[in-house]
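Undergrad: Show me how the following folds:
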Amino acid sequence: MTGRFKSQLKEINESFINFDRLSTLQINVGDLCNQTCTHCHVTAGPNGKKIMSKKIFDKIIEYIKENPAITVDITGGAPEMNPHFKYFVGSILPYVSRIMVRTNLTIIFEKGYEWLPDWYGKNKIVLVASLPCYTEDNVNRQRGKGVFNKSIEALKILNKKGYGRSIELNIVYNPGGAFLPGDQTSLEEDYRHKLFSQFGILFNYLFTITNAPIGRFEEQLKRSGEHSKYMKLLMDNFNPNTAESIMCRSTISVNHEGTLFNCDFNQMKNMPILKRSKVPLTISDIQKASEKGYPIVMADHCYVCTAGAGSCCTGALDAG
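TA: Next up is the predicted model:
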């Protein structure tokens, strides 16, 4: 089975298995989180120990200062829980026009993080907020008891700060089980109607993201005996129209130690970008990793990005 994904891409266009150009630098600042979600490919939680140091942040800052045209996408865990998070974002604000933070929303109710909504709004940070469904039962089943109500209250607070209006606020949907997301446009309409009619909440875009068979979700699939069935679902629904747009062709992911990966999923599978000598590349080698034509590290979990309408960190790839 290993290598089948890369072979399929190569049959479509040989260039699709190689890097194209760097548009997004995604930084996973660690696995510390105030939630423990059943679908989390990072296996993040309150006991997370992988924490990016200020030394690694400073190396990333140095690169960003010299390459300000890129989008910076900050993730975790709950990225806000990294002790150097505010320092890092403040350091790059003068240099880049688009900074995205992937927030679980409930972090703003944790002690010591009450400042976040005002600070986010003041600095016009683009927020990508996790809300895997617009119903309470489904959200709480995935993310924990009480998370839905806290998330709704957080969205209301963010709306009051200008989010969903003058400041970009996007919501992430992911399936509640071993199935593919529905049509992104239709789901966005449903979310927009439900959230506004019931709670008066506004947002900009909905991103549908397919659950990756990695981390906590992979463990769940194996316990239920659905792992092989889910992998077959991803493979059987391979969509060649998504191949050109897969995120690993334009994104480089940095882990808490400064090692480079083609995506956050590869991070969790411990599949770094390698030098010709098979040594992992680090943030100091990012110019090499982002050269056009540099080989992308792939395996069969990559089918998650090309199944159905496709999936990337900013939603579906094939609008149909």
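Undergrad: ranges for the strands of the protein?
TA: Here the chain has its strands, by DSSP state E, at 24-28, 71-75, 99-103, 126-130, 169-173, 205-208, 251-254, 260-261.
Undergrad: possible to save those strands as a markdown table with distance to residue 17, mean neighbour count and mean pLDDT?
TA: To be clear about C-beta, it is placed using only N, CA and C from the backbone, and glycine gets the same treatment. Compiled in a markdown table, the strands of the chain are given as follows (distance: least, CB to CB, whole Å; neighbours: other CB atoms under 10 Å; pLDDT from 0 to 100):
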| stretch | distance to residue 17 | mean neighbour count | mean pLDDT |
| --- | --- | --- | --- |
| strand 24-28 | 19 | 23 | 98 |
| strand 71-75 | 23 | 22 | 97 |
| strand 99-103 | 27 | 22 | 98 |
| strand 126-130 | 28 | 22 | 96 |
| strand 169-173 | 27 | 22 | 97 |
| strand 205-208 | 25 | 21 | 97 |
| strand 251-254 | 15 | 24 | 98 |
| strand 260-261 | 16 | 26 | 98 |
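Undergrad: Flag the shaky bits of the stretch 151-300 of the chain, pLDDT-wise.
TA: Residue ranges of the stretch 151-300 of the chain with pLDDT under 70: none are present.
Undergrad: same deal with the stretch 1-150 of the chain?
TA: 1-2, 39.
Undergrad: which stretches of it form helices?
TA: Using DSSP state H, counting those that start in this stretch, the helices of the stretch 1-150 of the chain run over 4-12, 54-66, 85-92, 116-123, 136-143, 147-160.
Undergrad: Any idea which of these gets closest to residue 22?
TA: Closest approach to residue 22 among the helices of the stretch 1-150 of the chain (CB to CB): helix 54-66, 10.4 Å.
Undergrad: just to revisit the earlier point, distance to residue 190 for the strands of the chain - can I get that in TSV?
TA: Converted to TSV, the strands of the chain look like this (distance: least, CB to CB, whole Å):
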stretch	distance to residue 190
strand 24-28	28
strand 71-75	26
strand 99-103	22
strand 126-130	17
strand 169-173	10
strand 205-208	9
strand 251-254	28
strand 260-261	34
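Undergrad: of all these, which lies closest to residue 307?
TA: Of the strands of the chain, nearest to residue 307 by CB to CB is strand 205-208, at 11.5 Å.
Undergrad: residues in contact with that closest one?
TA: 128, 170-174, 181-182, 184, 187-188, 191-192, 309, 311, 313-316 (CB atoms under 8 Å, 6 or more residues apart in numbering).
Undergrad: Weed out the non-buried ones from those.
TA: Neighbour-count burial (16 or more other CB atoms under 10 Å) applied to the contacts of strand 205-208 gives 128, 170-174, 181, 184, 187-188, 191-192, 309, 311, 313-316.
Undergrad: how far out from the middle of the chain is stretch 164-174?
TA: Centroid separation for stretch 164-174 versus its chain: 14 Å, with CA atoms, centre = their mean, to the nearest Å.
Undergrad: nope, stretch 68-84 is what I was after
TA: Offset of stretch 68-84 from its chain centre (CA atoms, centre = their mean): 10 Å.
Undergrad: From one end of it to the other, what's the distance?
TA: Stretch 68-84 has its terminal residues 20 Å apart, counting by CA to CA, to the nearest Å.
Undergrad: quick one: buried residues of that stretch?
TA: Buried residues in stretch 68-84 (16+ other CB under 10 Å): 70-82, 84.
Undergrad: Find the pair from these with maximum spatial separation.
TA: Longest span within the buried residues of stretch 68-84, CB to CB: 70 and 81, 24.3 Å.
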